[in-house]
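# The sequence isn't on hand, but the structure is:
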């Protein structure tokens, strides 16, 4: 890729307590993420003329000396995909965990492959879905009594891999959830 972020850290070597990672694709080369550390907030955008996607993918250096496997993405707070210029996020079969709100704006696209979108925040969470979303599996694993609420203009979700309600409440917001 022409851009990317690789964080090859283990849990004992990071302490993420705030901040926002802003990723804006500006070319036709994809932006790849491989991080062993979580992000606090993550925002994805696309510049005018860019056709690139933001992907969870393995990263290797041009000389072959850097090689990082694709890793699950963990966002401790809010994950936002903006609307301008139709950004695309592709999880490419890696799980995505969101501890805050998920905001998929109109014009944005979420591609998953075979993975699980996990909501695990300690408070109530909202998934505002106004763009195009393809999900494999959905898991709600929260403190008992806390809710994940589906909101936005998307009227139906199709989960090709299933749904798991481990702990917490899923409020469908009047949406249809199809499990294929």
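It's in. None of the values given here were measured: they were computed from a predicted structure. Numbering: from 1, shown residues only.
# Could you list which residues are in contact with the nearest residue to residue 25 once chain neighbours are set aside?
Spatial nearest neighbour of residue 25, chain neighbours left out: residue 52 (3.8 Å); criterion: CB to CB, 6 or more residues apart in numbering. Heads up, the C-betas are built off the backbone N, CA and C, glycines and all. Neighbouring residues of residue 52 by CB atoms under 8 Å, 6 or more residues apart in numbering: 2, 25-31, 46.
# Closest one of those to residue 114?
Closest approach to residue 114 among the contacts of residue 52 (CB to CB): residue 30, at 19.4 Å.
# just checking, next helix/strand downstream of the lowest-mean-pLDDT helix or strand in the chain?
When the helices and strands of the chain are compared on mean pLDDT, DSSP states H and E, strand 67-68 comes out lowest with a mean of 68. Sequence-wise, the next helix or strand downstream of strand 67-68 (DSSP states H and E) is strand 73-75.
# which regions of the protein sit below the pLDDT cut-off?
Along the chain, segments meeting pLDDT under 70 span 1-2, 61-67.
# Name the residues of stretch 109-117 that are buried.
109-112, 115-117 (16 or more other CB atoms under 10 Å).
# Which members of those are the farthest-apart pair?
109 and 116 (18.5 Å).
# which ones are touching the residue nearest the centre of the chain?
Residue closest to the average C-alpha location in the chain (CA atoms, centre = their mean): residue 96, at 5.1 Å. Residue 96 makes contacts with 56, 72-75, 79, 112, 115-118, as judged by CB under 8 Å, 6+ apart.
# what's the single longest strand in the protein?
For the chain, the longest strand by residue count, based on DSSP state E, is strand 156-167.
# Distance from that one to the middle of the chain?
Once both centres are worked out by CA atoms, centre = their mean, to the nearest Å, strand 156-167 turns out to sit 16 Å from its chain's centre.
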